[in-house]
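**Student:** Just to be clear, the model below is a prediction. Sequence and coordinates:
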Amino acid sequence: MRAYRQVFGAAVVIASCLTARVVLNLFPVGVGSSGQAFLAITAVAVAMLAYAAVNFIVLFVAIYLAVRPVKLRELLENGQDVTLEFATLCLGGLTALALANQPLLSVLVIPPLFVLQRSVLTKQLEIAATTDAKTGLLNAASWQHTAKREVARAQREHESAALLIIDMDNFKLVNDTYGHIAGDAVLRAVADCLVRELRQYDAIGRFGGEEFVAMLSGVDELVAVSISERVRQQIQLLEVPAPIPDQPPLIGLSASIGISCFPEHGTELEDLLHAADSALYAAKHAGRNRVVVCPL
């Protein structure tokens with residue numbers, strides 16, 4: 001991590017802690033007063049809220065100035081991070097009460113803090129191992145593992161499913177004209193588009209280069225075509241901000257989509273991938289920017 005980020009992070013924490021201390025001083029009863037436990041807990045809770053508010057506001061302003069515009073919803077949509085922050089604040093409040101009343105009891109906070117940190121690090125390592133760094137989608141290996149599981153479930157429960165291969169048209173031209181940074185921005189925008197247009201439980205991944213894949217459970221051919229057409233149209237409407245300031249956004253993007261269906265085109269993932277890839281090739285050969293279903 002760069003030094004200025006460490007300094008900024010430390011400054012934010014110090015400012016938040018000082019704000020929390022000012023809030024505590026507003027209460028007439030000390031935190032360690034044994035006869036007024038309810039007031040003590042209230043004081044710590046309000047101080048925690050003040051800490052969180054200052055921390056969030058400063059970070060929001062910093063992010064807005066660095067990568068504007070930023071939506072408030074985007075900062076709060078990761079429920080795990082919010083839950084972790086709340087748990088950490090609760091441990092901080094308990095530590096403050098312990099230090100005020102029985103300092104030695106604050107040692108008991110260390111084990112849960114250690115376990116909490118380990119669980120977070122483990123989860124972060126799991127995400128890093130299964131996620132594509134550029135798009136935030138599943139990487140190829142993780143997607144195949146998930147897709148195989150979905151195919152097995154569809155076969156076991158006698159359900160339909162559809163596999164989509166989405167390939168950006170003339171993507172090399174984007175890299176050659178605007179640079180690889182712009183190309184990466186396009187990939188992220190397309191990935192976000194897929195997440196918006198597909199269901200939360202659909203397996204979506206980046207298969208490599210400018211190629212994306214999606215496994216849609218409980219979907220037949222007719223629905224798969226309808227969904228694919230909607231995705232194709234939304235990709236056409238994308239306006240990706242240029243990496244160079246004051247430059248117009250990247251527009252006119254398009255994608256070709258190949259579809260295969262379970263069990264019509266195969267009962268194994270490899271067969272479905274081959275069928276969808278053949279359909280994608282047909283879409284490219286027919287002029288790009290279209291949806292094609294693999295013929296039976």
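**Tutor:** That came through, no problem.
**Student:** Distance check, Arg290 against Arg232.
**Tutor:** Counting by Cβ to Cβ, to the nearest Å, the separation of Arg290 from Arg232 is 7 Å. Heads up, the C-betas are built off the backbone N, CA and C, glycines and all.
**Student:** Now do the shared contacts for the two.
**Tutor:** Ile257 (Cβ atoms under 8 Å, 6 or more residues apart in numbering).
**Student:** Show me where the protein dips below the pLDDT cut-off.
**Tutor:** For the chain, the stretches flagged by pLDDT under 70 are 1-5, 28-37, 63-82, 96-97, 99-101, 106, 113-114, 116-129.
**Student:** repeat that with 50
**Tutor:** Along the chain, segments meeting pLDDT under 50 span 1, 31-34.
**Student:** now the strands: where do they sit in it?
**Tutor:** Counting by DSSP state E, one finds strands in the chain at the ranges 161-168, 203-208, 211-217, 255-262, 291-293.
**Student:** between the third one and strand 203-208, how big is the angle?
**Tutor:** Orientation check (axes from the mean of the first three to the mean of the last three Cα atoms, to 10 degrees): strand 211-217 against strand 203-208 gives 160 degrees.
**Student:** May I ask you to name the longest helix in the protein?
**Tutor:** helix 37-67 (DSSP state H).
**Student:** Now Leu163: closest residue in space, sequence neighbours ignored.
**Tutor:** In space, Leu163 comes closest to Leu272 once its chain neighbours are excluded; the distance is 4.5 Å by Cβ to Cβ, 6 or more residues apart in numbering.
**Student:** In contact with the spatially closest residue to Ser260 that is not a sequence neighbour, which residues?
**Tutor:** Leaving aside its sequence neighbours, Ser260 sits nearest to Ala275 (Cβ to Cβ, 6+ apart; 3.6 Å). Taking Cβ under 8 Å, 6+ apart, we find Ala275 in contact with Leu163, Ser260, His265, Gly266, Cys294.
**Student:** for Val293, same thing?
**Tutor:** Neighbouring residues of Val293 by Cβ under 8 Å, 6+ apart: Glu221, Ala224, Val225, Gly258, Ile259, Ser260, Cys261, Ala279.
**Student:** Which strand residues bridge it?
**Tutor:** According to DSSP bridges, the partner residues bridging Val293 are Ile259.
**Student:** doesn't Glu150 make contact with the residue nearest to Leu163?
**Tutor:** No: using Cβ atoms under 8 Å, Leu272 is not in contact with Glu150, being 10.3 Å away.
**Student:** Show me where the chain has its helices.
**Tutor:** For the chain, the helices defined by DSSP H occupy 3-25, 37-67, 72-76, 79-101, 110-130, 140-156, 171-178, 180-197, 221-236, 269-285.
**Student:** ok so, going back, of Leu272 and Glu150, who's got more company?
**Tutor:** Using other Cβ atoms under 10 Å as the criterion, Leu272 and Glu150 rank with Leu272 on top: 26 against 21.
**Student:** quick one, what contacts the more buried one?
**Tutor:** By Cβ under 8 Å, 6+ apart, the neighbours of Leu272 are Val151, Leu163, Ser260, Cys261, Phe262, His265, Gly266.
**Student:** quick check, nearest of these to Met215?
**Tutor:** Nearest to Met215 out of the contacts of Leu272 is Leu163 (Cβ to Cβ; 5.6 Å).
**Student:** thinking again about what came up before, now tabulate the contacts of Val293 in a markdown table and tack on distance to Gln247 and neighbour count.
**Tutor:** Formatted as a markdown table, the contacts of Val293 follow (distance: Cβ to Cβ, whole Å; neighbours: other Cβ atoms under 10 Å):
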| residue | distance to Gln247 | neighbour count |
| --- | --- | --- |
| Glu221 | 41 | 17 |
| Ala224 | 37 | 23 |
| Val225 | 36 | 18 |
| Gly258 | 33 | 27 |
| Ile259 | 35 | 27 |
| Ser260 | 39 | 26 |
| Cys261 | 42 | 25 |
| Ala279 | 36 | 24 |
